[in-house]
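Enquirer: build me a model:
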Amino acid sequence: MILRLLIGLVAALAVGVGGFFGWAARHGSIAPLAAPPAPKSFDAALVERGKSLAALGYCVVCHTRSDGPALAGGRGLPTPFGTVYATNITPDPETGIGLWSEAAFRRAMHEGIGRDGRHLYPVFPYDHFTKVTDEDVRAIYAYLMTQKPARYTPPANELGFPFGVRQLLAGWNLLFFESGRFVPDPKRDEAWNRGAYLAEGLGHCGSCHTPRNAMGGLIKDRKFAGATIEGWHGTALDASSPAPIPWTADALLNYLLDGREAQHGIAAGPMTPVVDLLADQEESDIAALAAYILSFQTGRPDNSADAKAFAESRQLVNTPGAAVPDMDPALRPGYAIFMQSCANCHRKGERFTPLALTSTVNGPDPRNVVQIVQHGLRPPRASRGFTMPAFGWMSDKEMADLVRFLRAQFSRNAPWADVDGAIREVRSQRH
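Expert: Numbers count the residues shown, from 1 in each chain. Here you go, the predicted model:
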């Protein structure tokens, strides 16, 4: 009797698993084109519009490896489940998307299904691109199909079992993917809705600034609450923003276009190429994007005067022979490093944003400070005059001493919990 029951359970499980995989593989392939479309077959105005839209989607950022041609893929995108290598989206007929029809491209953007019917990994943010209109997808397709083909096959993804089983993504989609185009909010004005369309669709801002659960799905009730991305902390964009001085529409517009704002600091890490691409967009679109983001920061008290007074009080001047300020003895090694290596640029009266006003020093995670100290700062092109050299020559202890001092000196927030772990993580990354 027990044996029959076990056999029945195994059979039922086998049928269920088989049924799931059959359902997961229900998407058929879309026939390839006989040859890549001729670039001249696309309307020039449509291509130009697609160029702008592709920049708003940061296509070139993810689909270009550091030493390779634009859009040819090969960049490793780290995830908690392993590394996914970006695909070649040039119109090369063998290694790229040259034989993809517009219908195949649209399905990939809107449903996360490749031309061959396989599920795409959501590191390609189709959960955001599904909101993009058919007209905008058509323009992006036209732009990509008129770019220079590059014959290149990216490395195989480095995903352990079972994460390399693409059919399982059907279950992920069932849990976390909601297909459908953007629907404007009639209670909001045109600018807000335009900003929402850009942020939630092509801009996929939530991919870097919204935390994810253990399965990699966005935690929707914590939208823009900050997240970990490529070894950096994507700063919170909601009311929990760590910026000591609240953002204004003008300040955020300047930051998104130039990568620098006098009372907030300079863009770094994954935000740098984003700003470089936004800098070429219509200012009205970036203003709309800023308006949408700021709508998540309403209700935040304005303590600007207090923040400025604190920043002023914490500035350090590198005066020869000056007495060491009274501080916890454990912080003195970091103070000595700061005065020797940092104070000349960050001293009072210079053009750099006071460290006490930056989200980097005031944020909940030390990764960004560690990344900047380790690798230096290469700002977006509009702010190239504000570079910072790398200090990766420091020992782990020296860097930890400096980072702990920066937090204690320039922030009223609690000490960071795991500075040593952040240093190990940053220094273990491929860069």
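
Enquirer: show me the contacts for residue 138.
Expert: Neighbour list for residue 138: 46, 50, 102, 106 [criterion: CB atoms under 8 Å, 6 or more residues apart in numbering]. Placement of C-beta: from N, CA and C, glycine included.

Enquirer: now list the buried members of these.
Expert: Buried residues within those, counting neighbours by 16 or more other CB atoms under 10 Å: 46, 50, 106.

Enquirer: out of those, list just those in helices.
Expert: Using DSSP state H, the subset of those located in helices is 46, 50, 106.

Enquirer: quick one on the thing from earlier: could you dump the contacts of residue 138 to TSV with distance to residue 404 and pLDDT?
Expert: Below are the contacts of residue 138 laid out as TSV (distance: CB to CB, whole Å; pLDDT from 0 to 100):
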residue	distance to residue 404	pLDDT
46	54	98
50	48	98
102	55	98
106	51	98
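
Enquirer: between the buried ones among the contacts of residue 138, which is nearest residue 304?
Expert: Relative to residue 304, the closest of the buried ones among the contacts of residue 138 is residue 50; by CB to CB it sits at 41.4 Å.

Enquirer: so the closest one sits against residue 135, correct?
Expert: No: with contact defined as CB atoms under 8 Å, residue 50 does not reach residue 135; the gap is 10.4 Å.

Enquirer: what's stretch 270-289 in contact with?
Expert: Contacting residues not belonging to stretch 270-289 are listed as 52, 55-56, 58, 60-61, 191-192, 194-195, 198-199, 203, 208, 229-230, 232, 234, 249, 253, 255-259, 267, 378-382 [CB under 8 Å, 6+ apart].

Enquirer: repeat the analysis, applying 6 Å as the threshold.
Expert: Stretch 270-289 is contacted from outside by 55, 58, 61, 191, 194-195, 198-199, 229-230, 232, 253, 256-257, 259, 267, 380-382, using CB atoms under 6 Å, 6 or more residues apart in numbering.

Enquirer: tell me the one of the contacts of residue 138 nearest residue 400?
Expert: Nearest member of the contacts of residue 138 to residue 400, counting by CB to CB, is residue 50, at 47.3 Å.

Enquirer: name the nearest residue to the closest one, ignoring sequence neighbours.
Expert: residue 143 (2.9 Å; CB to CB, 6 or more residues apart in numbering).

Enquirer: how much space separates residue 347 from residue 384?
Expert: Distance, residue 347 to residue 384, by CB to CB, to the nearest Å: 22 Å.

Enquirer: quick one: which of these two has more around it?
Expert: Using other CB atoms under 10 Å, the more surrounded residue of residue 347 and residue 384 is residue 347, with 15 against 11.

Enquirer: residues touching that one, list them.
Expert: So residue 347 contacts 317-318 (CB under 6 Å, 6+ apart).

Enquirer: would you list the phi and psi of the nearest residue to residue 82 once chain neighbours are set aside?
Expert: Of all residues not flanking residue 82 in the chain, residue 159 sits nearest, at 3.8 Å (CB to CB, 6+ apart). The phi and psi values for residue 159, taken as degrees, to the nearest 10, are phi -120, psi 130.

Enquirer: OK, contacts around the residue nearest to the spatial centre of the chain?
Expert: The residue lying closest to the centre of the chain (CA atoms, centre = their mean) is residue 208, at 3.7 Å. Neighbouring residues of residue 208 by CB under 6 Å, 6+ apart: 229, 234.

Enquirer: and it, helix, strand or coil?
Expert: Classification of residue 208 using DSSP: H, G, I helix; E, B strand; the rest coil returns helix.

Enquirer: cool, residue 337 as well?
Expert: helix.

Enquirer: the closest residue to it other than its chain neighbours: neighbouring residues, count only.
Expert: Closest residue in space to residue 337, ignoring its immediate chain neighbours: residue 402 at 4.7 Å, by CB to CB, 6+ apart. Look at residue 402: counted by other CB under 10 Å, it has 24 neighbours.

Enquirer: touching, residue 402 and residue 332? I think so.
Expert: No: between residue 402 and residue 332 there is no contact under CB atoms under 6 Å: 11.7 Å.

Enquirer: picking that back up, just give me the closest of the buried ones among the contacts of residue 138 to residue 423.
Expert: Set against residue 423, the nearest of these by CB to CB is residue 50 (42.4 Å).

Enquirer: need the contact list for the closest one.
Expert: The contact partners of residue 50, taken as CB under 6 Å, 6+ apart, are 139-140, 142-143.

Enquirer: which residue ranges make up the domains of the chain?
Expert: As recorded under automatic domain parsing, the domains making up the chain are 21-155, 190-294, 304-428.

Enquirer: packing partners for the helix or strand encompassing residue 371?
Expert: Residue 371 is part of helix 367-375, with elements assigned from DSSP states H and E. Counting contacts by 3 or more CB pairs under 6 Å, 6 or more residues apart in numbering; DSSP states H and E, helix 367-375 packs against strand 232-234, helix 419-428.

Enquirer: mind listing what the first one pairs with, with the direction of each?
Expert: Taking DSSP bridges as the criterion, strand 232-234 sits next to strand 227-229 (antiparallel) in its sheet.
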